[in-house]
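In: here's my sequence, what's the structure:
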Amino acid sequence: MDTIRLKFSYPKPDSVYFNHAIQQKELRLDFIAGSRFVWTNNVWRKEQQALGLYVPKYWFEQHFKYPEITYFCFEASLPKLLNRENITALKDCQLEEVAKAISDFCKKVGIFIFTEQIKDTIPTLIAIGENINITNFCSCNNAIGALKPFDYKTHSDHRTVEFSDHKHGGKEAIFNQINETTKAYDKSKEILNRAETAKEKEVAELIKAGSYQIDGKMATEILRIEVTIKTPRKIASKFKPYLGDLPPTFENLFNEELWAKVLKDEVNKVFNHPLQRIIFLSLESQPFIDSFLDKHYQHIQTKDTVRGILSNLQERGLADTRRTYLKRYKSRQTWYNYLRRLKQLQEHFDWSALAKLDSVDTLTL
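Out: Numbers count the residues shown, from 1 in each chain. Have a look, this model is predicted:
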């Protein structure tokens, strides 16, 4: 678990910590309901950040319909709250420690929320992620480049972003929906570009020097896979298969096995596509593809079938290939039959022969 957003019914105090009425977008909130203005103190937050401290986002907002009702909202990266960096993953046994850290911060700004309240609250946003050390396999840029053709996820907009405006660069692939986001990005570069706390700056220096380690292994190329679920209703539906009749409270969601299952399911929806091997083959050069097909298939018609999908993938990507095919044949079943045939054909592929697959095994969560 990384970022969490909690919301508590609470009367707005007359306090220096809440004396700035600002627009919601100034807090850079991914998704928030209610009025257009919230009350916080960004000046104080920035002063604390200048000291190398991690400061969660916090604010008061009004009920959408009844403005006399107010809510205290808290949003933080929980690993940063405890460790001042979010490469180190949280463990199940840290629930009480995390709840106390949240309660302590609330008290710091004059809000008294107790640990049991925190554990019983249903989050309004949750992000779960995993940092994968791929230093011994390939660079993050190469890994994200290899994942780029997997640009289809149901009801999602896809884009790949290069951080050319940042000193150290970096890249991320994003699948975005209104209430959910899945992304893969270069965590190493993010730390180098955006280190804020004293601990993050220390980690950045170690990465720069090539001496940072995770679990005793060199870690200068760290790929992060992250899923953010942005509404209570979506959180409830996403975790329902694992929680059963239990409510999705903070305490019930604070479970490593649960995080791993949800993250793996989301990754599989995108990257374990039925045409996974064909998609990776499409990244190769044309001479390699011709030689590869000659080695694996004897029939000309079979080769032409595979060449057809490879050409479309290279020219359009997976999402547009699917869209074009459905438009042309006006039949989802025809597309699924085509997928089934191609999946059978790719079973003859020798994984080890594909030069672009040096990072595939590392992406298995």
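In: dump the residue contacts of the nearest residue to Lys91 once chain neighbours are set aside.
Out: Counting by CB to CB, 6 or more residues apart in numbering, Glu256 is the residue found nearest to Lys91 once chain neighbours are left out, at 6.6 Å. (Each C-beta comes from the backbone N, C-alpha and C, glycine too.) Neighbour list for Glu256: Leu90, Lys91, Asp92 [criterion: CB atoms under 8 Å, 6 or more residues apart in numbering].
In: so who does the last one touch?
Out: By CB under 8 Å, 6+ apart, Asp92 lies in contact with Phe254, Asn255, Glu256.
In: you'd agree Lys7 is in a strand?
Out: Yes. Applying DSSP: H, G, I helix; E, B strand; the rest coil, one finds Lys7 inside a strand.
In: my guess is it contacts Phe72, does it?
Out: Yes. When contacts are counted by CB atoms under 8 Å, Lys7 is listed as touching Phe72 (7.5 Å).
In: just the contacts of Glu256: which are in helices?
Out: Of these, none are assigned to helices by DSSP state H.
In: assign Ile111 to helix, strand or coil.
Out: coil.
In: identify the residue nearest it in space, chain neighbours excluded?
Out: Take Ile111 and drop its neighbours on the chain: the residue closest to it by CB to CB, 6+ apart is Phe72, 5.3 Å away.
In: how about the strands in this structure?
Out: Listed in chain order, the strands of the chain (DSSP state E) span 3-9, 20-23, 37-40, 57-62, 70-77, 125-133, 157-162, 171-176, 180-186, 213-214, 217-218, 222-229.
In: nearest to Ser311 among these would be which one?
Out: Taking CB to CB as the measure, those were each checked against Ser311, and strand 157-162 came out nearest at 20.5 Å.
In: average pLDDT across the closest one?
Out: Over the span of strand 157-162, the pLDDT mean works out to 63.
In: now do the contacts for Phe112.
Out: For Phe112, the set of contacting residues under the criterion of CB under 8 Å, 6+ apart consists of Cys106.
In: ok, back up a step: any idea which of the contacts of Asp92 is closest to Asn133?
Out: Compare each of these with Asn133 using CB to CB and the shortest gap goes to Glu256, at 17.9 Å.
In: where in the stretch 1-150 of the chain is pLDDT low?
Out: 24-36 (pLDDT under 70).
In: between the strands of the chain, which one is nearest to Thr302?
Out: By CB to CB (comparing all of the strands of the chain), the closest turns out to be strand 157-162, at 30.2 Å.
In: which residues touch the residue nearest the centre of the chain?
Out: Residue closest to the average C-alpha location in the chain (CA atoms, centre = their mean): Glu226, at 2.0 Å. Listed by CB under 8 Å, 6+ apart, the contact set of Glu226 reads Asp2, Ala127, Ile128, Gly129, Glu130, Thr181, Thr182, Lys183, Ala184, Tyr185.
In: which residues touch the closest residue to the first one other than its chain neighbours?
Out: Same thing as Asp2. Across the structure, with CB to CB, 6+ apart as the measure, the residue nearest Asp2 apart from its sequence neighbours is Ala127 (4.7 Å). With contact taken as CB under 8 Å, 6+ apart, Ala127 is in contact with Met1, Asp2, Thr3, Ile4, Glu226, Val227, Thr228, Ile229.
In: what's across from Ala127 in the sheet?
Out: Applying DSSP bridges to Ala127 yields these beta-bridge partners: Thr228.
In: and it, how close does it get to Leu263?
Out: Taken as CB to CB, to the nearest Å, the spacing of Ala127 relative to Leu263 amounts to 10 Å.
In: ok, now Ser211?
Out: Here Ser211 is placed at a distance of 29 Å from Leu263 (CB to CB).
In: going by distance to His273, which of the contacts of Glu256 wins?
Out: Lowest distance from His273 to those (CB to CB) belongs to Leu90, with 30.4 Å.
In: which residues are common contacts for Ala127 and Leu263?
Out: Listed contacts common to Ala127 and Leu263 are Val227; contacts here mean CB under 8 Å, 6+ apart.
In: quick check, pLDDT for Lys153.
Out: On the pLDDT scale, Lys153 is placed at 63.
In: Gln346 too?
Out: According to the predicted model, the pLDDT of Gln346 comes to 75.
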